[in-house]
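Trainee: mind looking at a prediction? Sequence and model below.
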Amino acid sequence: MIIRKLCITCISFLMGVQCSLAAETCPVTHEKLVAALKSSVKPSGGLTNGGLDNNMWATVVARDGTVCAVAYSGAKWDDQWPGSRVISAQKANTANGFSLKSKALSTANMYAGSQPGGFLFAIEDSNPVNTDVAYAGDASQFGSASDPMVGKRVGGVNVFAGGVALYDDSNVLGGLGLSGDTSCADHNVAWRVRKALGLDKVPGGVSSDNNDAIIYDIGLTGSSSSGYGHPKCAAKEADVAADIKSGVGGGILTK
């Protein structure tokens, strides 16, 4: 007989018992995620991301999809767009859920395929957000080590750029989602944060650089020549992407 062990954390209450799944080994600690995020956005000492240069949210999920770390770069939880907390979790869930040991897909790589007629059309409807997880708890705990999403699966699929899978030298360990700026800028920051965490050993991908870089190849007709493209945003995001090698096409090297 094959026995599968589930790790369950149970808290007893007078009126019943509440249980939540405990995450698999988290690829990062909350402290490391905060440090990597703050070093990667301009308001807290990093370089420009090419977009609005807002403070931002970051979420990490373990390989089983359990949220295991949530952070923000500002001084308090509403120094960045409050709505981006859940979006960052969706992006982390998406990149983890659709990346494999041999090939990574960033959320940016999924944009074109999710459009009408694309091979991923309506994928956003396939894994709905668990709103009981996403909006639970006291807002004062958002982004802390005790964020109410931690230890639970929030779900969700988001095909805006800003979600990337996390890799060590041998496997995919989970996903990272960034939100709080333009989606193109979110991708640049996700790229920086992943590198700062040392979890950027991407084994392969759909870009011409054989990784999960954002692909700027959507032309005037709205179609992507590669099938994995993402629209350019309004500012200098593509130029930053060219500099840090987080994107292909559409940018001008400035160094």
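Mentor: That came through fine. Residues are numbered from 1 along each chain as shown.

Trainee: excluding its backbone neighbours, what's nearest Ser140?
Mentor: Distance criterion C-beta to C-beta, 6 or more residues apart in numbering; nearest residue to Ser140, sequence neighbours excluded, is Trp77 at 7.2 Å. C-beta here means a position set from N, CA and C on the backbone, and glycine is covered the same way.

Trainee: nearest residue to the middle of this structure?
Mentor: The centre of the chain sits closest to Gly177, judged by C-alpha atoms, centre = their mean, with a distance of 1.5 Å.

Trainee: give the helix, strand or coil label for that residue.
Mentor: strand (DSSP: H, G, I helix; E, B strand; the rest coil).

Trainee: contacts only, for it.
Mentor: 58-61, 87-95, 107, 158, 162-163, 190 (C-beta atoms under 8 Å, 6 or more residues apart in numbering).

Trainee: let's see the pLDDT reported for it.
Mentor: What the model reports for Gly177 is a pLDDT of 98.

Trainee: Ser39 now?
Mentor: 98.

Trainee: that one contacts Leu47, correct?
Mentor: No. The pair Ser39 / Leu47 is not scored as a contact, 9.4 Å apart, by C-beta atoms under 8 Å.

Trainee: how far away is Val67 from Ala235?
Mentor: Using C-beta to C-beta, to the nearest Å, one gets 30 Å for the distance from Val67 to Ala235.

Trainee: compare the two (neighbour count), which wins?
Mentor: Val67 (28 against 18; other C-beta atoms under 10 Å).

Trainee: and that one, backbone torsions?
Mentor: Backbone torsions for Val67, taken as degrees, to the nearest 10, come to phi -60, psi 130.

Trainee: for Asp200, give me its contacts.
Mentor: 167, 191, 194.

Trainee: got a winner among those for most neighbours?
Mentor: Trp191 (29 neighbours).

Trainee: what bridges to Trp57?
Mentor: Tyr72, Ser179 (DSSP bridges).
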